[in-house]
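Engineer: Kindly generate the corresponding structure for this input.
(2 chains)
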Amino acid sequence: LAKTTQPISMDSYEGQEVNITCSHNNIATNDYITWYQQFPSQGPRFIIQGYKTKVTNEVASLFIPADRKSSTLSLPRVSLSDTAVYYCLVVQEPGAGSYQLTFGKGTKLSVIP
Amino acid sequence: DSGVTQTPKHLITATGQRVTLRCSPRSGDLSVYWYQQSLDQGLQFLIQYYNGEERAKGNILERFSAQQFPDLHSELNLSSLELGDSALYFCASSVVGGARETQYFGPGTRLLVL
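Structural biologist: Purely as a prediction, here's the structure:
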(Lines give C-alpha, C1' and ligand atoms only; values in the text may rest on other atoms or scores of the structure.)
Protein backbone atom coordinates (compact mmCIF):
# COMPACT_ATOMS: atom_id res chain seq x y z
CA LEU A 1 0.00 0.00 0.00
CA ALA A 2 1.42 3.35 -1.05
CA LYS A 3 2.23 5.91 1.60
CA THR A 4 1.95 9.55 0.55
CA THR A 5 3.70 12.49 2.15
CA GLN A 6 3.02 16.18 1.51
CA PRO A 7 4.12 19.39 3.23
CA ILE A 8 1.57 20.49 5.80
CA SER A 9 1.42 24.09 4.64
CA MET A 10 2.84 26.60 2.19
CA ASP A 11 2.59 30.36 1.79
CA SER A 12 2.87 32.27 -1.46
CA TYR A 13 2.33 35.79 -2.74
CA GLU A 14 -0.20 36.50 -5.43
CA GLY A 15 1.16 36.10 -8.93
CA GLN A 16 3.83 33.59 -7.93
CA GLU A 17 4.15 30.04 -9.19
CA VAL A 18 3.55 27.45 -6.50
CA ASN A 19 4.91 23.91 -6.54
CA ILE A 20 3.55 21.30 -4.14
CA THR A 21 5.30 17.95 -4.02
CA CYS A 22 3.85 14.64 -2.92
CA SER A 23 6.13 11.72 -2.17
CA HIS A 24 4.68 8.28 -2.79
CA ASN A 25 6.67 5.11 -2.28
CA ASN A 26 5.52 1.62 -3.30
CA ILE A 27 3.85 2.98 -6.38
CA ALA A 28 3.37 0.49 -9.17
CA THR A 29 3.92 1.09 -12.84
CA ASN A 30 0.21 1.33 -13.60
CA ASP A 31 -0.81 3.55 -10.65
CA TYR A 32 -2.09 7.03 -11.43
CA ILE A 33 -1.55 10.16 -9.37
CA THR A 34 -4.41 12.59 -9.00
CA TRP A 35 -4.60 15.97 -7.26
CA TYR A 36 -7.65 17.48 -5.63
CA GLN A 37 -8.39 20.93 -4.24
CA GLN A 38 -10.59 21.50 -1.21
CA PHE A 39 -12.09 24.74 0.08
CA PRO A 40 -13.44 25.00 3.64
CA SER A 41 -16.78 23.27 4.15
CA GLN A 42 -16.74 21.82 0.63
CA GLY A 43 -15.89 18.47 -0.87
CA PRO A 44 -12.61 18.03 -2.75
CA ARG A 45 -12.56 18.95 -6.43
CA PHE A 46 -10.47 17.34 -9.18
CA ILE A 47 -7.55 19.39 -10.49
CA ILE A 48 -5.32 17.15 -12.57
CA GLN A 49 -4.19 13.58 -13.07
CA GLY A 50 -1.05 12.03 -14.45
CA TYR A 51 0.84 8.82 -14.97
CA LYS A 52 4.30 9.95 -16.04
CA THR A 53 6.31 12.90 -17.33
CA LYS A 54 4.20 16.06 -17.59
CA VAL A 55 0.52 16.83 -17.87
CA THR A 56 -0.94 20.30 -18.27
CA ASN A 57 -4.50 21.57 -18.23
CA GLU A 58 -6.08 24.99 -17.98
CA VAL A 59 -5.44 25.35 -14.25
CA ALA A 60 -2.30 23.39 -13.38
CA SER A 61 0.61 21.22 -14.44
CA LEU A 62 1.70 17.92 -12.99
CA PHE A 63 5.29 16.74 -13.15
CA ILE A 64 6.14 13.10 -12.48
CA PRO A 65 9.83 12.08 -12.69
CA ALA A 66 10.94 8.84 -14.26
CA ASP A 67 11.24 7.00 -10.94
CA ARG A 68 7.63 8.03 -10.10
CA LYS A 69 8.44 8.26 -6.39
CA SER A 70 7.06 11.77 -6.26
CA SER A 71 4.84 14.14 -8.17
CA THR A 72 4.73 17.93 -8.21
CA LEU A 73 1.61 20.00 -8.69
CA SER A 74 2.41 23.36 -10.22
CA LEU A 75 -0.02 26.27 -10.00
CA PRO A 76 1.00 29.18 -12.22
CA ARG A 77 0.46 32.74 -11.00
CA VAL A 78 -1.68 31.97 -7.97
CA SER A 79 -4.43 34.29 -6.82
CA LEU A 80 -6.20 34.70 -3.49
CA SER A 81 -8.90 32.29 -4.69
CA ASP A 82 -6.30 29.50 -4.84
CA THR A 83 -6.09 29.49 -1.05
CA ALA A 84 -7.19 25.95 -0.25
CA VAL A 85 -5.96 22.53 0.80
CA TYR A 86 -4.41 20.40 -1.93
CA TYR A 87 -4.41 16.61 -1.75
CA CYS A 88 -2.57 14.03 -3.79
CA LEU A 89 -4.27 10.71 -4.34
CA VAL A 90 -2.73 7.44 -5.42
CA VAL A 91 -5.08 4.78 -6.69
CA GLN A 92 -3.58 1.33 -6.77
CA GLU A 93 -4.91 -1.82 -8.37
CA PRO A 94 -3.33 -4.69 -6.45
CA GLY A 95 -5.60 -7.15 -8.19
CA ALA A 96 -8.10 -7.27 -11.01
CA GLY A 97 -11.05 -5.10 -10.07
CA SER A 98 -9.78 -4.26 -6.58
CA TYR A 99 -8.53 -0.82 -5.58
CA GLN A 100 -6.66 0.90 -2.81
CA LEU A 101 -7.11 4.66 -2.53
CA THR A 102 -4.58 6.62 -0.50
CA PHE A 103 -4.93 10.35 -0.02
CA GLY A 104 -2.08 12.45 1.30
CA LYS A 105 -2.80 14.48 4.43
CA GLY A 106 -3.08 17.64 2.39
CA THR A 107 -1.09 20.83 1.93
CA LYS A 108 -2.72 24.02 3.09
CA LEU A 109 -1.79 26.76 0.63
CA SER A 110 -2.22 30.33 1.80
CA VAL A 111 -1.94 33.02 -0.87
CA ILE A 112 -0.93 36.41 0.47
CA PRO A 113 -1.90 39.68 -1.24
CA ASP B 1 -22.16 21.99 -7.76
CA SER B 2 -20.77 18.50 -8.37
CA GLY B 3 -24.17 16.86 -8.83
CA VAL B 4 -23.61 14.60 -5.81
CA THR B 5 -26.04 15.15 -2.97
CA GLN B 6 -25.69 14.14 0.65
CA THR B 7 -28.16 14.26 3.49
CA PRO B 8 -28.30 15.39 6.17
CA LYS B 9 -25.83 18.28 6.13
CA HIS B 10 -25.39 18.20 9.88
CA LEU B 11 -26.06 15.51 12.45
CA ILE B 12 -25.70 15.69 16.21
CA THR B 13 -26.11 12.55 18.23
CA ALA B 14 -24.93 10.84 21.40
CA THR B 15 -22.39 8.12 22.03
CA GLY B 16 -23.73 4.63 21.51
CA GLN B 17 -26.29 5.72 18.97
CA ARG B 18 -26.69 4.68 15.33
CA VAL B 19 -27.01 7.01 12.34
CA THR B 20 -27.47 6.66 8.60
CA LEU B 21 -25.92 8.98 6.06
CA ARG B 22 -27.34 9.12 2.57
CA CYS B 23 -25.72 9.85 -0.77
CA SER B 24 -27.13 10.25 -4.26
CA PRO B 25 -24.49 10.04 -7.03
CA ARG B 26 -24.34 12.16 -10.15
CA SER B 27 -26.78 11.12 -12.81
CA GLY B 28 -25.24 8.25 -14.76
CA ASP B 29 -22.53 7.43 -12.24
CA LEU B 30 -22.47 3.80 -11.13
CA SER B 31 -19.78 3.96 -8.48
CA VAL B 32 -19.94 5.52 -5.03
CA TYR B 33 -17.15 6.10 -2.53
CA TRP B 34 -17.30 7.02 1.14
CA TYR B 35 -14.64 9.00 2.98
CA GLN B 36 -14.14 10.19 6.54
CA GLN B 37 -12.36 13.48 7.14
CA SER B 38 -11.25 14.38 10.62
CA LEU B 39 -8.87 17.13 11.67
CA ASP B 40 -5.98 14.86 12.55
CA GLN B 41 -6.42 12.12 9.96
CA GLY B 42 -7.14 13.92 6.73
CA LEU B 43 -9.23 12.14 4.11
CA GLN B 44 -9.60 8.46 4.90
CA PHE B 45 -11.08 6.17 2.28
CA LEU B 46 -13.74 3.92 3.77
CA ILE B 47 -15.41 1.90 1.04
CA GLN B 48 -16.39 1.87 -2.63
CA TYR B 49 -19.40 0.39 -4.37
CA TYR B 50 -20.01 -0.22 -8.03
CA ASN B 51 -23.52 -0.92 -9.30
CA GLY B 52 -24.62 -2.33 -5.97
CA GLU B 53 -21.55 -4.45 -5.28
CA GLU B 54 -18.67 -3.69 -2.94
CA ARG B 55 -15.53 -3.02 -4.97
CA ALA B 56 -12.90 -1.74 -2.57
CA LYS B 57 -12.52 -1.48 1.16
CA GLY B 58 -10.35 0.94 3.05
CA ASN B 59 -10.07 1.76 6.73
CA ILE B 60 -13.69 1.11 7.55
CA LEU B 61 -14.46 0.05 11.11
CA GLU B 62 -16.58 -3.01 11.79
CA ARG B 63 -19.13 -0.70 13.45
CA PHE B 64 -19.62 0.96 10.08
CA SER B 65 -21.37 -0.54 7.09
CA ALA B 66 -22.57 0.67 3.74
CA GLN B 67 -24.70 -0.41 0.85
CA GLN B 68 -25.69 0.77 -2.58
CA PHE B 69 -29.26 0.32 -3.67
CA PRO B 70 -30.73 -0.54 -7.10
CA ASP B 71 -31.42 3.13 -7.75
CA LEU B 72 -27.67 3.67 -7.10
CA HIS B 73 -28.03 5.80 -4.02
CA SER B 74 -25.88 4.72 -1.11
CA GLU B 75 -26.15 4.74 2.65
CA LEU B 76 -23.41 4.67 5.25
CA ASN B 77 -24.50 3.26 8.60
CA LEU B 78 -22.51 4.16 11.69
CA SER B 79 -23.36 2.31 14.90
CA SER B 80 -22.22 2.29 18.53
CA LEU B 81 -20.95 5.78 17.93
CA GLU B 82 -17.94 7.07 19.82
CA LEU B 83 -16.68 10.60 20.34
CA GLY B 84 -13.88 9.90 17.88
CA ASP B 85 -16.37 9.28 15.09
CA SER B 86 -17.10 13.00 14.95
CA ALA B 87 -15.96 14.05 11.49
CA LEU B 88 -17.00 15.14 8.03
CA TYR B 89 -18.22 12.25 5.93
CA PHE B 90 -17.96 12.68 2.18
CA CYS B 91 -19.51 10.70 -0.58
CA ALA B 92 -18.06 10.78 -4.09
CA SER B 93 -19.17 9.22 -7.33
CA SER B 94 -17.63 8.30 -10.66
CA VAL B 95 -18.84 6.71 -13.84
CA VAL B 96 -17.66 3.12 -13.41
CA GLY B 97 -15.18 3.37 -10.54
CA GLY B 98 -12.00 2.83 -12.50
CA ALA B 99 -8.63 3.80 -11.07
CA ARG B 100 -8.20 6.66 -13.51
CA GLU B 101 -11.61 8.18 -13.09
CA THR B 102 -12.32 11.58 -11.64
CA GLN B 103 -14.30 11.40 -8.44
CA TYR B 104 -17.00 14.01 -7.87
CA PHE B 105 -17.49 14.80 -4.21
CA GLY B 106 -20.64 15.82 -2.43
CA PRO B 107 -20.81 18.64 0.13
CA GLY B 108 -20.42 16.26 3.06
CA THR B 109 -22.29 15.41 6.25
CA ARG B 110 -20.88 16.86 9.43
CA LEU B 111 -21.36 14.41 12.30
CA LEU B 112 -20.94 15.47 15.88
CA VAL B 113 -21.06 12.80 18.56
CA LEU B 114 -21.57 14.15 22.08
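Engineer: Around chain A, which positions in chain B sit nearby?
Structural biologist: B:2, B:4, B:33, B:35, B:41-45, B:48, B:55-56, B:58, B:90, B:92, B:97, B:99-100, B:102-108 (Cβ under 8 Å from any Cβ of the partner chain). In short, each C-beta sits where N, CA and C put it, glycine included.
Engineer: Can you show me the strands along the chain?
Structural biologist: Answering for chain A, as no chain was given. Assigned by DSSP state E, the strands in chain A fall at A:3-5, A:9-13, A:18-25, A:32-38, A:45-50, A:53-56, A:61-64, A:70-75, A:84-95, A:98-103, A:107-112.
Engineer: try again with chain B
Structural biologist: Under DSSP E, chain B gives strands at B:5-7, B:10-13, B:19-24, B:31-38, B:42-50, B:53-57, B:64-68, B:74-78, B:87-94, B:104-105, B:109-113.
Engineer: Need the ones you listed in a markdown table (columns: mean pLDDT and mean neighbour count).
Structural biologist: Formatted as a markdown table, the strands of chain B follow (pLDDT from 0 to 100; neighbours: other Cβ atoms under 10 Å in any protein chain shown):
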| stretch | mean pLDDT | mean neighbour count |
| --- | --- | --- |
| strand B:5-7 | 97 | 16 |
| strand B:10-13 | 97 | 14 |
| strand B:19-24 | 98 | 19 |
| strand B:31-38 | 95 | 24 |
| strand B:42-50 | 91 | 22 |
| strand B:53-57 | 91 | 16 |
| strand B:64-68 | 97 | 19 |
| strand B:74-78 | 98 | 20 |
| strand B:87-94 | 96 | 24 |
| strand B:104-105 | 96 | 22 |
| strand B:109-113 | 97 | 18 |
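Engineer: Reformat those as TSV; add distance to A:Pro65.
Structural biologist: Listed next are the strands of chain B as TSV, based on distance: least, Cβ to Cβ, whole Å:
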stretch	distance to A:Pro65
strand B:5-7	37
strand B:10-13	43
strand B:19-24	37
strand B:31-38	28
strand B:42-50	24
strand B:53-57	28
strand B:64-68	37
strand B:74-78	38
strand B:87-94	27
strand B:104-105	29
strand B:109-113	39
